[in-house]
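Colleague: Just a sequence and a predicted model for now, questions to come.
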Amino acid sequence: QVQLVEPGGGLVQPGGSLRLSCAASEFTLPYYCMGWLRQAPGKEREGVSCISRDDGDTYYADSVRGRFTISRDNAKNTVYLQMNNLKREDTAVYYCAAYYSDHAPLRGDQDYWGQGIQVTVSS
């Protein structure tokens, strides 16, 4: 079972911060990395970030690099996304996702779960 947990709600002012958590217990498919993708109204789905299962390599979309940080707690089988300096264009529904390719994983095959978490950046 994969759970996406985002405590504290999803409304934040520009420049603010939020943290997303994804608990991926009992996920057995041979994914390469786990993280998030997002979809904003009227836009295509976008891979945001992931962290590889074996080596902890991290990947970021250009739009979030330097502002978002992904990390993992292997003991809890949980991945975290710290989102800082949020911008209005970060407004989207965020989904916990698994990526399968080790080459440009955010652009490759992916699976995601649930209804996602709404993140709204607005003043």
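Modeller: That came in fine, so what should we check first?

Colleague: partners of Tyr94 in the sheet?
Modeller: Beta-bridge pairing of Tyr94 under DSSP bridges involves Arg38, Ile117.

Colleague: what's the neighbour count on it?
Modeller: Tyr94 has 24 neighbours, counted by other CB atoms under 10 Å. From N, CA and C alone the C-beta is placed, and that goes for glycine too.

Colleague: Is it in contact with Gly116, as I believe?
Modeller: Yes - contact criterion CB atoms under 8 Å: Tyr94 and Gly116 qualify, at 5.8 Å.

Colleague: Compute the distance between Leu11 and Asn77, please.
Modeller: Applying CB to CB, to the nearest Å, the value for Leu11 to Asn77 is 28 Å.

Colleague: By average pLDDT, which secondary structure element in this structure comes out worst?
Modeller: strand 3-5 (a mean of 52; mean pLDDT, DSSP states H and E).

Colleague: What's the first helix or strand after that strand?
Modeller: Per DSSP states H and E, the first helix or strand lying C-terminal to strand 3-5 is strand 11-12.

Colleague: so where's this protein uncertain?
Modeller: The model of the chain has pLDDT under 70 over residues 1-9, 25-28.
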